[in-house]
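> next come a sequence and a model predicted from it.
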Amino acid sequence: MRHRKDHRKLSRTASHRRAVLRNLVTALFQYERIETSVAKAKEARRVAERMITFAKRGDIAARRHVARFVMPAQASPGNGGPDVIQKLFDTIAPWYAERQGGYTRILRLGHRLGDAGETCYLELVKSAEQKETERQARLSAEEAREEAKKGAKAAKKKAEAAKGEGGPVEKPKRGRKKSGDDVSAPARRRGKTGVKTG
């Protein structure tokens, strides 16, 4: 029986368990979706939702409380991303201004091949408007990449045309040369034993 058992120990010491949860929650706020085991996701969800509630308060005490748990150096500005704590307070918390809890969801994926552990996505819940704007941003970025590829191909063709202005060079045809007098011997083939037979 697990009467009065509050949480999962995750087969770790207290310090290791805290470090794992800190890493999971920081990664969740950084990437907005992470893949992990179901047990770890359920434990990380408890902490992540508390951190979002603190971020919705937005005062200095709440910022200090979050800074004790969420690791700011995970995505420092030097690494190309915004500070995770700043992202939590400035970007993520306003998404849930009108929502009372339920900021994350768990989507089960199935079992891992290695150890048959049950895996899932732990992700932040987003509104339909947010999903649509993200989809439009992805589509526009993909179109820009395609245009860049087409531009690079066109530039390459122009460079090849300028390089070979002397006219088209005829490439030799592939295959065996055929002449009227040449008669080749029949091809040898391998038998069951691997020895060539003729």
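Yep, it's here.

> below-threshold pLDDT in the protein: ranges please.
Scanning the chain for pLDDT under 70 picks out 73-81, 164-169, 172, 176-192, 194-198.

> can you pull out the helices in it?
In the chain, the segments counted as helices under DSSP state H are 14-31, 38-57, 60-69, 84-87, 93-95, 128-163.

> so which residues make contact with stretch 124-131?
Identification of contacts with stretch 124-131 by CB atoms under 8 Å, 6 or more residues apart in numbering yields L28, E32, R33, I92, W95, G102, Y103, T104, R105, E134. In this view, the C-beta of every residue, glycine as well, is placed from N, C-alpha and C.

> list the contacts for the first one?
Put plainly, it is L28. Per CB under 8 Å, 6+ apart, neighbours of L28: I34, A44, A48, T104, L122, E123, L124.

> hang on, the earlier thing: looking at the helices of the chain, spot the one closest to G110.
helix 38-57 (10.6 Å; CB to CB).

> can you point out the buried residues in stretch 125-139?
Neighbour-count burial for stretch 125-139 flags K126 (criterion: 16 or more other CB atoms under 10 Å).

> same check on stretch 114-121?
C120.

> so what touches it?
Contacts for stretch 114-121 (CB under 8 Å, 6+ apart): 33-38, 41, 106-112.

> switch the cut-off to 10 Å
33-42, 105-112 (CB atoms under 10 Å, 6 or more residues apart in numbering).
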